[in-house]
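Visitor: got a sequence here, can you build the structure:
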Amino acid sequence: MAQTGLFNRLKRMPAQQVIGIAAGIGLAIFVVWNVLLGGAALFASLIGLQVDYPGLLEGCSSAAAFALTVGGGIVVLVQVNEAVDSRNLEVFSAVFQRMMSDEEIKARRWIYQNLPEDPKEGLRMLREEDLANEARRENGEEVNEKETGRYKVKLILNSFDYLGFLVEQNWVTEEAMESVIGWVSPMVSKVWKRLGPYIEYEASPERRDDPDFYRSARYLASLCDEWQREHTTIGEYRFLEDAL
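Guide: Residues are numbered from 1 along each chain as shown. Modelled structure (predicted):
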């Protein structure tokens, strides 16, 4: 944590100041190294030992090289840390744009309000809607696929699967991912109360017999449920028809 705090302070500084600090640290190392070398040479001469001046000069050169390496390393570490933060920000932005789009908000609301708790009943409802839409198409009517229940359900599942995949790949730091999970966990856990039984039913031997069906989405839901248990006191979610 102290290391993270140091990097955060360095990142907030102007580039010139970071370079100045790196140069100052390098200079300090160079001075201390040479003071120690000089002290050792002086002590050797006092007790009558022969001083190796070529070796002393080589030691000064080594001190300079080491000081430059340390100073340059600090600058490189700050740049690497900034690159990691930039990648974290890209993931945050992608998640926000995807999950907070009007289309996804409407889809989650539809799931809250219209999808039955019983997977068999819900799948039957979606199938009946599909058949009704097929009949409408055959009659020359236009059907907006984005307004169908199946589209809304698949939209949310694919979104959760996408985020779950990002989490599994460890493409962002653990600290950043903890923040992401904390932010998305309320919406994910609430929707999963409805969708979770559907996925388990579809993955069961009775249906697809596919343990990996929406595996990443299920993993994300488990992380969000765990986060909710550890950080909140929410019991049962309420699905209100007239909520904001």
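Visitor: okay, now the domains of the protein?
Guide: According to automatic domain parsing, the chain comprises the domains 2-85, 100-231.
Visitor: what is the end-to-end distance of the last one?
Guide: This means domain 100-231. 22 Å (CA to CA, to the nearest Å).
Visitor: would you indicate which residues of the helix or strand hosting residue 217 are buried?
Guide: Here residue 217 sits within helix 215-231, counting by DSSP states H and E. Buried positions in helix 215-231, judged by neighbour count with 16 or more other CB atoms under 10 Å: 215-221, 223-225, 227-228. Every C-beta, even on glycine, is put in place using the N, C-alpha and C of the backbone.
Visitor: what packs against that helix?
Guide: Where contact means 3 or more CB pairs under 8 Å, 6 or more residues apart in numbering; DSSP states H and E, helix 215-231 is packed against helix 149-169, helix 174-203.
Visitor: mind checking the pLDDT average for the helix or strand where residue 90 lies?
Guide: Assigned by DSSP H and E, residue 90 belongs to helix 53-99. Averaging pLDDT along helix 53-99 gives 61.
Visitor: show me what counts as buried in the very next helix or strand once past it.
Guide: Next along the chain after helix 53-99, taking DSSP H and E as the criterion, comes helix 102-114. Neighbour-count burial for helix 102-114, counted by 16+ other CB under 10 Å, picks out 104, 107-112.
Visitor: what does stretch 109-128 give?
Guide: 109-112, 115, 119, 122-123, 125-126.
Visitor: nearest to residue 170, of those residues?
Guide: The closest of those to residue 170 turns out to be residue 111 (CB to CB; 29.3 Å).
Visitor: confidence score at the residue nearest to the closest one when sequence neighbours are not counted?
Guide: Setting aside the residues directly before and after it, residue 111 is nearest to residue 194 in space (CB to CB, 6 or more residues apart in numbering), at 5.4 Å. pLDDT, residue 194: 94.
Visitor: let me see the contact set for residue 194.
Guide: Listed by CB atoms under 8 Å, 6 or more residues apart in numbering, the contact set of residue 194 reads 111-112, 115, 117, 239.
Visitor: and the contacts of stretch 146-160?
Guide: 98-99, 103-104, 106-108, 110-111, 114-115, 125-126, 129-130, 133, 145, 188, 191-192, 195, 198-199, 214, 216-217, 220-221.
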